[in-house]
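Asks: Sequence unavailable; structure follows:
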C-alpha cells in the first residue's frame, strides 16, 4: 500500500494503530507492514508527544528499508545461483554460456555497482543488504527525525551531498560562500533510501563496510 498523507501526521498514527503496527511487536518478530509513504507529513513536527513523533518516523522509514533489502536479497540470490551454476568463483569466464538477457542483466549490474564486467566476487561483495538499525539511526540523525527542511522539501532522509548541476538539490542556508555543494533531493522517500543504500555499497569511503 502506498500512502499519501501530506498534512496529517495524527491520521497516519491512527492508521498505524489500526494495523497494530508497533515497533515493539516488530522487534519481537512481527512482520513489517508493507505500507509506503511517498513523503513525510508536513505537520510531523507538530505531533505530540515527542516519543510518538519519533516512533511514527521510524515506522514510516522501516518499510522502505525492508523493501530495498528485499530487492537486494533477490539480486544477490540470482547472482549466487548464477555462480553456482557456472561452477567457479571469482570471474565469469569468456567461454561461459549465458543467455543474452542474463548476460545483459549481469553487465548492467556490474556497471551500476562500478565493478569490472564478469567480476562475480566483486559484485557479490557489493550487492548485499544494509542493517535496518543502521539506516534508521542515520535517517533519524540526518533528518532531525523527519522534520528538517531537506526531508520536508526534498525527501532527503540521509542528507546526501551533491556537487553535480545535473542532480537536483537544495542549497543549505548556512553554506560557506566558497562552497558549492547542495543536499541531494528525491521525488520520493524510497528513492532516497535506494540512493543511500547504493552509496554504502559502492562508495570508496565505505569500502571496509
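Replies: Alright, I've got the coordinates. Here the structure is a predicted model, which is why all the values come from computation and not from measurement.

Asks: Could you use CA atoms for every contact and neighbour count after this?
Replies: Will do.

Asks: Please tell me how far residue 78 sits from residue 34.
Replies: From residue 78 across to residue 34, the span is 23 Å (CA to CA, to the nearest Å).

Asks: where does this structure dip in pLDDT?
Replies: Across the chain, the stretches falling below the confidence threshold (pLDDT under 70) are 1-7, 88-96.

Asks: what comes up buried for the host helix or strand of residue 81?
Replies: Using DSSP states H and E, the secondary-structure element containing residue 81 is helix 50-86. By neighbour count on 16 or more other CA atoms under 10 Å, the buried set for helix 50-86 is 53-54, 56-69, 72, 75-76, 79-80, 82-83.

Asks: Could you do stretch 143-150 as well?
Replies: So for stretch 143-150, counting by 16+ other CA under 10 Å, buried means 143, 144, 145, 146, 147, 148, 150.

Asks: could I get these as CSV with secondary structure?
Replies: Shown next, in CSV, are those (DSSP: H, G, I helix; E, B strand; the rest coil):
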residue, secondary structure
143, coil
144, coil
145, coil
146, coil
147, coil
148, coil
150, helix
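
Asks: Sketch out the strands for the protein, chain order is fine.
Replies: 2-3, 36-37, 161-162, 169-170, 182-184 (DSSP state E).

Asks: Need the ones you listed in JSON lines (columns: mean neighbour count and distance to residue 195).
Replies: Formatted as JSON lines, those follow (neighbours: other CA atoms under 10 Å; distance: least, CA to CA, whole Å):
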{"stretch": "strand 2-3", "mean neighbour count": "10", "distance to residue 195": "19"}
{"stretch": "strand 36-37", "mean neighbour count": "19", "distance to residue 195": "16"}
{"stretch": "strand 161-162", "mean neighbour count": "16", "distance to residue 195": "11"}
{"stretch": "strand 169-170", "mean neighbour count": "19", "distance to residue 195": "14"}
{"stretch": "strand 182-184", "mean neighbour count": "22", "distance to residue 195": "10"}
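
Asks: gap between the two ends of stretch 121-137?
Replies: 30 Å.

Asks: Oh, that last question was meant for stretch 153-169, not what I typed.
Replies: 10 Å.

Asks: Can you give the contact residues for that stretch?
Replies: Contact partners of stretch 153-169, identified using CA atoms under 8 Å, 6 or more residues apart in numbering, comprise 39-40, 138-140, 142-143, 146, 150-151, 170, 180-189, 192-193, 196.

Asks: Show me how to select, in ChimeraX, the buried members of those residues.
Replies: A single ChimeraX command selects the buried members of the contacts of stretch 153-169 (16+ other CA under 10 Å):
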select :39,40,138,139,140,142,143,146,150,151,170,181,182,183,184,185,186,188,189,192,193,196
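
Asks: from the contacts of stretch 153-169, which ones fall inside helices?
Replies: If you go by DSSP state H, these have 138, 139, 140, 142, 150, 151, 189, 192, 193, 196 in helices.

Asks: which of these lies closest to residue 119?
Replies: Distance to residue 119 across the ones in helices among the contacts of stretch 153-169 (CA to CA) is lowest for residue 196, with 23.3 Å.

Asks: any idea how far residue 37 is from that closest one?
Replies: 17 Å.

Asks: Residue 190 too?
Replies: Distance from residue 190 to residue 37, by CA to CA: 8 Å.
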